[in-house]
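K.L.:
Prediction below, plus the sequence it came from.
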Amino acid sequence: MSKILSYEEKDTWIHQLSGVTKLIFFLLWCVVSMMTYDTRILIFMVLFSLVIFKISKTRWEQVGSVFRVIMVFLIFNVVAIFLFSPDQGTRIYGTRTVLFHIAGPYDMTLEQLFYELNVVIKYFTIIPTVFMFLVTTNPSEFAASMNKVGISYNVGYAISIALRYIPDVQGEFTKIKHAQEARGIEMSGKASLLNRIKSTSSIIFPLFFSSMDRIDTVSNAMELRGFGKHKKRTWYMAKKMKKNDYLIIGLTVIFAVAALVFTFADGSRFYNPFI
């Protein structure tokens, strides 16, 4: 069974980049994605995200389960937008092109579809870069990178431990699941969805308590070693910045500035094809 969102050492130029470089790229990429609703920029970002995802050699088994969960939230988000604000697209773009009537105050308009399409695209600009960032960055190096950009090493180390223990928690989940199935609790596809949901509690609670034991062990070990005594610390896994790192950071900054300038050139962050 593949480990979900776990770091794997591979021979790609993305893996060789410093964690600082990947962190800066990820943050600027997210800022641009959140700020712009220009469909042209978003489509470019989706295509580029898919390219770097492919280059990183990330396997579907590493991210597939998380991707499916994100898709469920995406569907809920799109449906909720329409239910609570069915005329959001009309208010943004200033026109109203009704495609068909649904019921009551709900009309499906071309403007609303276009707005929600942009919302969906925004998800796909971020998802591949999140996956790429997590599976190509060593957790210890990630903590060092966060410390280099000014974040407290206590926070960075906490996040590093959380990322490092994702595979361990997944393995513990599998062990508990198999143990409960051996006791006669059906959790496979043969059981109904409702029964599987009810049976999940027999996994969640043991997993929670085992995780708490793990946290207690790690925190005691860190306390005995004097973790947090000093304001600064050195990092064994920190990578030195190289030529490619500076190049990627420079290109990322240029893209972010150009994308935001292009987005707000007409005074609005929404690309309007209806006028």
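P.N.:
Happy to help now that I have it. Residues are numbered from 1 along each chain as shown.

K.L.:
tell me the contacts of the closest residue to E9 other than its chain neighbours?
P.N.:
In space, E9 comes closest to H15 once its chain neighbours are excluded; the distance is 6.7 Å by C-beta to C-beta, 6 or more residues apart in numbering. Every residue, glycine included, has its C-beta placed from N, CA and C. Counting by C-beta atoms under 8 Å, 6 or more residues apart in numbering, H15 touches E9, S56, T136.

K.L.:
Which one (most neighbours) among those?
P.N.:
Highest neighbour count within the contacts of H15: T136, with 23 neighbours (other C-beta atoms under 10 Å).

K.L.:
Just the local confidence number for it, please.
P.N.:
If you check T136, the pLDDT there is 86.

K.L.:
Make 877 the first number, not 1, from now on.
P.N.:
Got it, first residue is 877 now, which makes that one T1012.

K.L.:
correct me, but it touches K898?
P.N.:
Yes: with contact defined as C-beta atoms under 8 Å, T1012 and K898 form a contacting pair (7.0 Å).

K.L.:
Quick check: neighbours shared by these two?
P.N.:
Joint contacts of T1012 and K898 (C-beta under 8 Å, 6+ apart) are I890.

K.L.:
From F1138, how far off is E987?
P.N.:
22 Å (C-beta to C-beta, to the nearest Å).

K.L.:
So these two - more neighbours on which side?
P.N.:
Neighbour count, other C-beta under 10 Å: between E987 and F1138, E987 has more, with 23 against 14.

K.L.:
Which of the helices or strands spans the more buried one?
P.N.:
If you go by DSSP states H and E, E987 is part of helix 986-1012.

K.L.:
In the stretch 877-1026 of the chain, where is pLDDT below threshold?
P.N.:
877-879, 881 (pLDDT under 70).

K.L.:
Tell me which stretches of it form strands.
P.N.:
Assignment of strands within the stretch 877-1026 of the chain using DSSP state E, counting those that start in this stretch yields the ranges 974-979, 982-985.

K.L.:
In CSV, please show the C-alpha coordinates belonging to the longest one.
P.N.:
Presented in CSV, the C-alpha positions along strand 974-979 are these (Å, rounded to 0.1, in the frame of the first residue of the first chain):
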residue,chain,number,x,y,z
VAL,A,974,-30.7,32.7,-18.8
LEU,A,975,-30.0,29.2,-20.2
PHE,A,976,-33.0,27.5,-18.5
HIS,A,977,-35.2,27.9,-15.4
ILE,A,978,-34.8,25.4,-12.5
ALA,A,979,-37.3,26.3,-9.8
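
K.L.:
Now do it: which elements does it pack against?
P.N.:
Helices and strands touching strand 974-979, by 3 or more C-beta pairs under 8 Å, 6 or more residues apart in numbering; DSSP states H and E, are strand 982-985.
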